[in-house]
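> Need a 3D model of the following:
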Amino acid sequence: MEQLKHQQPDSNDKKNQPQSTRSILTFLLPSLLGAFLFLVPFKINDNWTVLIGYAAGQIEGSLEAILPMFLLVIILTSGVVSLLTWAVKPALIMENTALKALFYTSLPWTIIRVIGALFALMVMTETGSEVVYSPATGGTIFSDLLPVLAVWSVVMGLLMPLLLEYGLMEWLGTLAKKVMRPLFNLPGRASVDSLASWMGNNMMSILITINQYENGYYTKRESAIIVTNFTITSIGFSLIIAEILNLSDRFVPFYLTVLAGVFVAAFICPRIPPLSKMSHTYAGEQPGMINETVASGSLWSQAFKRGVTKAAHAPKTRQVFKKGAFNALDIWFGMLPLVMAIGTIALIIAEFTPIFTYLSYPLVPVLEWMNIPEAAEAAPALLVGFADMFLPAILGAGIESELTRFVIGAVSLIQLVYMSEIGVMLMRSSIPISFWQLFIIFIQRTIIAIPVVVLIAHVIIF
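As a prediction, the model looks like this:
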């Protein structure tokens, strides 16, 4: 494999690596707790979720009264301080590593932060243009997306090390490499990113992948493939989409169809441009941190050995919490304003302009040829998901044909790439992927998903 040229042999492959009882417990206890919190689904209040998702939801609910004002203060602070830092470069910020990382950015990103601050102020005060503060545009971003991001960033910052720092990734990654490498040309540890998204929240998967890329575990191409193909929509969110489209009684075949489409797209997309043309180098052009070769012993014993060795070199708890706290602040001051600005603009385009309707015209005859009822109404819903993940279901809810609603819902969940949240997170992250690359991948996934879903719907479901 090409990427193995960039990897260094790591301490995991030393045959005589001592494995003390303390190291084994350091691997087992945090890893089991991490898997229990992030990867094991539970049915709570008639909804399937993971414990970390339930905890984040409870925290968000308890802070519901103060979150709007808190978010406004954070976003206004980001916009004002970032603008002053770019223009004046005060020593107080420029000489402080943490403050500089939080507030000093390029002029385009500074302008977007300021726009996000203005949009947030307009939503909170309901002043300015209704196009901005409408519940369908800025109101949705500010009230629905930002509270989730704000709370999840703290929860993830504090608890994500249970997945990453104590050997779980090494253990599960070694076991899964025989599936992930030949099918998707990815390290086995990418299976953890996918499971975290599938069982919990796609934001978990993205944050894990960004962390792993920055620490040298994924190449540029691998990280881009994971965030655009393996941030699989959770079971819980898929159920919400099914309910909006009045498909709850068909949820099992509906979700199995989504998984089939995701699998086909994940097999094809990494093998064609733009993903196939991305560099196989690591962040900062440094050698990689993993070596997937099993030097000796069974796969299970090697997986266990690598997990224990990783745990033996885990950072101190204080360092873990300090890094997690900074990551949360970085999301608060760096990402929330961008989500507010870009997400609102994307929804304004989707709600108040005919752009997606025009773009969907070529789809209408294709859908008619595929015997999809109400093709003209369905076509825009199949493309508007690039702006926001809820829009296809909202547009498709009024369509009479159950078959058409089934196709719209399944395709929208297979597309994965949407700008209001995931797109902004990726464009701001260190993973080298652009807006136009995201758009091309979205179109590719749509083209792949439609025939897969239509075939299953016609032949098996309806």
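> how about the helices of the stretch 151-300 of the chain, start to end?
Using DSSP state H, counting those that start in this stretch, the helices of the stretch 151-300 of the chain run over 161-164, 168-184, 190-199, 202-214, 220-229, 235-244, 251-268, 299-312.
> Report the secondary structure state of residue 99.
Following DSSP: H, G, I helix; E, B strand; the rest coil, we place residue 99 in the helix state.
> who are the neighbours in contact with the residue lying closest to it once chain neighbours are set aside?
Once flanking residues are discounted, residue 99 sits nearest to residue 93: 4.5 Å by Cβ to Cβ, 6 or more residues apart in numbering. To be clear about C-beta, it is placed using only N, CA and C from the backbone, and glycine gets the same treatment. When contacts are counted by Cβ atoms under 8 Å, 6 or more residues apart in numbering, residue 93 touches 81, 85, 99, 100, 103, 104.
> repeat for residue 425
203, 206, 210, 335, 339.
> got a markdown table for those residues, with neighbour count and distance to residue 285 too?
What follows is the contacts of residue 425, written out as a markdown table (neighbours: other Cβ atoms under 10 Å; distance: Cβ to Cβ, whole Å):
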| residue | neighbour count | distance to residue 285 |
| --- | --- | --- |
| 203 | 22 | 28 |
| 206 | 25 | 23 |
| 210 | 22 | 18 |
| 335 | 22 | 26 |
| 339 | 25 | 30 |
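> Out of those residues, which two sit at the greatest distance?
210 and 339 (15.1 Å; Cβ to Cβ).
> re earlier: most neighbours among the contacts of residue 93, which one?
Counting neighbours by other Cβ atoms under 10 Å, residue 103 comes out on top of those with 24 neighbours.
> wait, isn't that one in contact with residue 80?
No. Proximity of residue 103 to residue 80 does not meet the contact threshold set by Cβ atoms under 8 Å, at 9.7 Å.
> returning to what we had before: give me the lowest-pLDDT entry from the contacts of residue 425.
Model confidence across the contacts of residue 425 bottoms out at residue 203, which has 77.
> wait, it sits on residue 145?
No. Counting by Cβ under 8 Å, residue 145 is not a contact partner of residue 203; they are 10.1 Å apart.
> where do the contact lists of these two overlap?
Common neighbours of residue 203 and residue 145 (Cβ under 8 Å, 6+ apart) are residue 421.
> in the stretch 1-150 of the chain, which spans are helices?
21-38, 51-62, 67-88, 91-94, 97-103, 107-125, 130-133, 138-140, 146-159.
> which one of the ones you listed lies closest to residue 369?
Ranking the helices of the stretch 1-150 of the chain by their distance to residue 369 (criterion: Cβ to Cβ) puts helix 138-140 first, at 34.5 Å.
> The closest one - contacts with which helices or strands?
Judged by 3 or more Cβ pairs under 8 Å, 6 or more residues apart in numbering; DSSP states H and E, helix 138-140 is in contact with helix 107-125, helix 336-352.
> how far does that helix sit from the chain's center?
20 Å (Cα atoms, centre = their mean, to the nearest Å).
> mean confidence for it?
Regarding helix 138-140, the rounded mean pLDDT is 91.
> which residues touch it?
In contact with helix 138-140 (Cβ under 8 Å, 6+ apart) are residues 119, 120, 122, 123, 132, 133, 340, 344, 347, 388, 390.
> pLDDT below threshold where in this protein?
The model of the chain has pLDDT under 70 over residues 1-19, 47-48, 199-201, 236, 287-297.
> Pop out the phi and psi values for the closest residue to residue 30 other than its chain neighbours.
Leaving aside its chain neighbours, residue 30 sits nearest to residue 166 (4.0 Å; criterion: Cβ to Cβ, 6+ apart). Here is the backbone geometry of residue 166 (degrees, to the nearest 10): phi -120, psi 20.
> In contact with residue 166: list those residues for me.
Taking Cβ under 8 Å, 6+ apart, one finds 26, 27, 30, 31, 34, 307, 310, 311, 314 in contact with residue 166.
> at 7 Å instead, please
Neighbouring residues of residue 166 by Cβ atoms under 7 Å, 6 or more residues apart in numbering: 26, 27, 30, 31, 310, 311, 314.
> just checking, the second one touches residue 307?
When you say that, I think you mean residue 27. Yes. Taking contacts as Cβ atoms under 7 Å, residue 27 lies within contact range of residue 307: 4.8 Å.
> shared neighbours of the two, anything?
Joint contacts of residue 27 and residue 307 (Cβ under 7 Å, 6+ apart) are residue 167.
> about what we covered before: could you identify the most distant pair in the contacts of helix 138-140?
122 and 390 (21.2 Å).
> returning to what we had before: and the two most separated of the contacts of residue 93?
For the contacts of residue 93, the farthest-apart pair by Cβ to Cβ is 81 and 100; their separation is 11.3 Å.
> and among the helices and strands packed on helix 138-140, the most buried is which?
Mean neighbour count (mean count of other Cβ atoms under 10 Å) peaks for helix 336-352 among those, with a mean of 24.
> buried set for whichever helix or strand comes after that one?
Next along the chain after helix 336-352, taking DSSP states H and E as the criterion, comes helix 355-360. Buried residues in helix 355-360, counting neighbours by 16 or more other Cβ atoms under 10 Å, are found at 356, 359, 360.
> Give me the packing partners of helix 355-360, helices and strands only.
In terms of contacts (3 or more Cβ pairs under 7 Å, 6 or more residues apart in numbering; DSSP states H and E), helix 355-360 is packed against helix 375-383.
> what's the closest of the contacts of residue 425 to residue 110?
Nearest to residue 110 out of the contacts of residue 425 is residue 335 (Cβ to Cβ; 14.2 Å).
> thinking residue 158 is in contact with residue 324, fair?
Yes. With contact defined as Cβ under 7 Å, residue 158 counts as touching residue 324 (5.0 Å).
> Just give the number of residues close to residue 258.
The burial count for residue 258: 26, using other Cβ under 10 Å.
> Actually, residue 28.
When neighbours are defined as other Cβ under 10 Å, residue 28 has 18 of them.
> got it, and residue 256?
Neighbours of residue 256 under the rule other Cβ under 10 Å: 14.
> Can you give me the distance of it to residue 196?
Residue 256 sits 21 Å away from residue 196, going by Cβ to Cβ, to the nearest Å.
> And for residue 122?
35 Å.
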